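> fold the stuff below for me.
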Amino acid sequence: MVKIYAIALAAGFLGLIVIIFGGALAENLGRSDSDPGLRMGRAGRMITGGLVGFGMAGMSAEFAPLGFNWGTSLALAIVGGVGAAAWTRFAPQQDGTD
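Numbers count the residues shown, from 1 in each chain. Take a look at the predicted model:
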């Protein structure tokens, strides 16, 4: 399961890098229509946040000193993914969209 958490975490961080740097580039060029965070929409941002949360929570549970079994680690990873997706859904946007 560690490989699945690592892949989810890497994909989520790649998505975050695209959103952050793409948004900064779009802002500096004055082309808000090409901002990846806006083009992805709310669902795309929730998926990206969910991937990061799932990967981080899963890796944290797998390497915890408490010795969780794989089922407990998976449950904690799902809770982390849902929590991160909810955070990206309900966190206030700075540009006032969504």
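> which residue lies nearest the spatial centre of the chain?
Gly49 (2.0 Å; C-alpha atoms, centre = their mean).
> which SSE is that one in?
Using DSSP states H and E, Gly49 sits within helix 36-62.
> check which residues of the following helix or strand past that helix are buried.
Next along the chain after helix 36-62, taking DSSP H and E as the criterion, comes helix 70-90. Judged by neighbour count using 16 or more other C-beta atoms under 10 Å, the buried positions of helix 70-90 are 73-74, 76-77, 80-81, 84-85, 88. C-betas here are computed from N, CA, C, even on glycine.
> wait, which of those is closest to Gly58?
Proximity to Gly58 was ranked across the buried residues of helix 70-90 by C-beta to C-beta; first place goes to Ala77, at 3.3 Å.
> how close does the closest one sit to Thr48?
Distance, Ala77 to Thr48, using C-beta to C-beta, to the nearest Å: 16 Å.
> what do you get for Met1?
21 Å.
> hang on, the earlier thing: quick check: of the buried residues of helix 70-90, which lies closest to Arg42?
Once C-beta to C-beta is applied, the member of the buried residues of helix 70-90 that ends up nearest Arg42 is Thr88, at 8.2 Å.
> all set, thanks.
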